[in-house]
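> structure, please.
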Amino acid sequence: RELLRPKGLAEAHLGWSPGALKVVRRNLGWLLLVGMVITFVIAFVEQWQVVADWKDSVSRLAFLAVLVAFAVFIAQVLRPGSGIFAGQIARHRGGTADRYRAIWYWGLVAIPVVLAGFTIAGYYYTSLQLMAQIYRTAWFVLALLVIRGLILRWLFLTHRRLAIAQARKRLAEKQAEQARDGVQPPGEATVEEAEPELDIAALSQQTQHLFRAALWLALVIGLYLIWVDILPALKYLRSIVLYSPDPHMAITLADLALAVVTAIMTVSAGKNVPAFLEITILSHLPLKSGERYAVVTVVRYAILAV
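Residues are numbered from 1 along each chain as shown. Predicted coordinates for the structure are as follows:
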């Protein structure tokens, strides 16, 4: 809630839509009030229960109320016509999100509904464990979104400072040339330094590709670590032996999957790291273009070698 305050971090620095933030804030208000009270009841009954039957009655009913609250919250926040994605869907009418909005919208709304069905059917503990993992997943995704916004903001400001420095250099060269020619400039020229809107397109395409690939890798690894102990299918990958040179060593399907992901990320980093180095490091060093090219080439080979 603090992250989404008007003119706060999300709106002023991360470039999130004010309309989308207003929708989330409005629904977070009632969800926090309802959710905290019910969650306290669940925790109290689970940890300090005096009567054993409370766990199968009060606690289960409270958990069902939490699931209903989450279903309503998701339905309100993600509603295609008025939720947080309404503006994007309107701008990209006919795009992927628009074509499949019924699938992803009702699929997300169905998550707490399905857990409620499990709870009613008697799988209360299973629903609790799944809800805990979904809760951790939501926090992890939110953290990635904040990190993404902060890094993009940093890259944008770095790019902006470089553009201003280049503009000042061109202005100084022009004034020096006019002074040599004996031409008096009509007025004192200045460089506009007003705060521009966050324009992701100002960043180089290579830097964006590298950053996007790193985020996807972090998302896959994070989700795997969160869900590996819950979903047997993920743990099953470790039991499929593809090659075993000796009894003490085995290459499993999980190892192969990790190798494929590593190879993809290595190729992506080798292609896109140069632009990242140019913006963040090399542009601040007194290097000529040939020297910068040599540094970038050596770094690319080093990434592939490692």
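> now the residue lying closest to Ala10 once chain neighbours are set aside, what's its secondary structure?
Once flanking residues are discounted, Ala10 sits nearest to Trp16: 4.4 Å by C-beta to C-beta, 6 or more residues apart in numbering. Bear in mind the C-beta positions are built from the backbone N, C-alpha and C, glycine included. The three-state label given to Trp16 by DSSP: H, G, I helix; E, B strand; the rest coil is coil.
> pretty sure Trp16 is touching Gly149, no?
Yes: using C-beta atoms under 8 Å, Trp16 is in contact with Gly149, at 7.2 Å.
> other residues contacting the lengthiest strand in the chain?
Ranked by residue count under DSSP state E, the longest strand found in the chain is strand 241-246. Contacts with strand 241-246, where a contact means C-beta atoms under 8 Å, 6 or more residues apart in numbering, come from Ala250, Ile251, Thr252, Leu253, Asp255, Leu256.
> mind running it again at 7 Å?
Ala250, Ile251, Thr252, Leu253, Leu256 (C-beta atoms under 7 Å, 6 or more residues apart in numbering).
> which helix or strand contains the first one?
In this structure, Ala250 sits in strand 249-252 according to DSSP states H and E.
> for the next helix or strand after that strand, packing partners?
Moving toward the C-terminus from strand 249-252, the next helix or strand (DSSP H and E) is helix 253-280. Applying 3 or more C-beta pairs under 7 Å, 6 or more residues apart in numbering; DSSP states H and E, one finds that helix 253-280 contacts helix 124-180, helix 205-227, helix 289-305.
> tell me how far Trp227 lies from Ala132.
With distances taken as C-beta to C-beta, to the nearest Å, Trp227 is found 11 Å from Ala132.
> an error on my part: the question was meant for Val296.
From Val296 across to Ala132, the span is 45 Å (C-beta to C-beta).
> settle it for me: which of the two has more neighbours?
More crowded of Val296 and Ala132, by other C-beta atoms under 10 Å: Val296, with 17 against 12.
> how many neighbours does the residue nearest to that one when sequence neighbours are not counted have?
Spatial nearest neighbour of Val296, chain neighbours left out: Pro274 (4.2 Å); criterion: C-beta to C-beta, 6+ apart. Counted with other C-beta under 10 Å, residues neighbouring Pro274 total 21.
> what does the one 3 residues further on give?
Burial of Leu277 is recorded as 16 neighbouring residues (other C-beta under 10 Å).
> report pLDDT for the closest residue to it other than its chain neighbours.
Nearest non-adjacent residue to Leu277, counting by C-beta to C-beta, 6+ apart: Val296, 5.9 Å away. Looking at Val296, its pLDDT stands at 80.
> quick check: Val296 touching Phe276?
No: the pair Val296 / Phe276 is not scored as a contact, 9.9 Å apart, by C-beta atoms under 7 Å.
> Val34 reaches Phe70, doesn't it?
No: if you go by C-beta under 7 Å, Val34 and Phe70 don't touch, sitting 9.9 Å apart.
> more crowded one of these two?
Legend: neighbour count by other C-beta under 10 Å for Val34 and Phe70, higher for Phe70 (23 against 17).
> got the phi and psi for the more buried one?
phi -70, psi -40 (degrees, to the nearest 10).
> give the contact list for it.
Counting by C-beta under 7 Å, 6+ apart, Phe70 has contacts Pro112.
> just wondering, since we're on Tyr224, how far is it from Gln133?
12 Å.
> part of a strand, is Ser82?
No: using three-state DSSP, the secondary structure at Ser82 is coil, not a strand.
> what's the burial count for it?
When counting by other C-beta under 10 Å, one arrives at 12 neighbours for Ser82.
> pLDDT score for Gly29?
91.
> what's the neighbour count on it?
Summarising burial for Gly29: neighbours were counted as other C-beta under 10 Å, giving 11.
> how about Ser17?
Using other C-beta under 10 Å, Ser17 is surrounded by 15 other residues.
> please tell me I have it right and it contacts Ala86.
No: the criterion here is C-beta under 7 Å, and Ser17 misses it with Ala86 at 9.2 Å.
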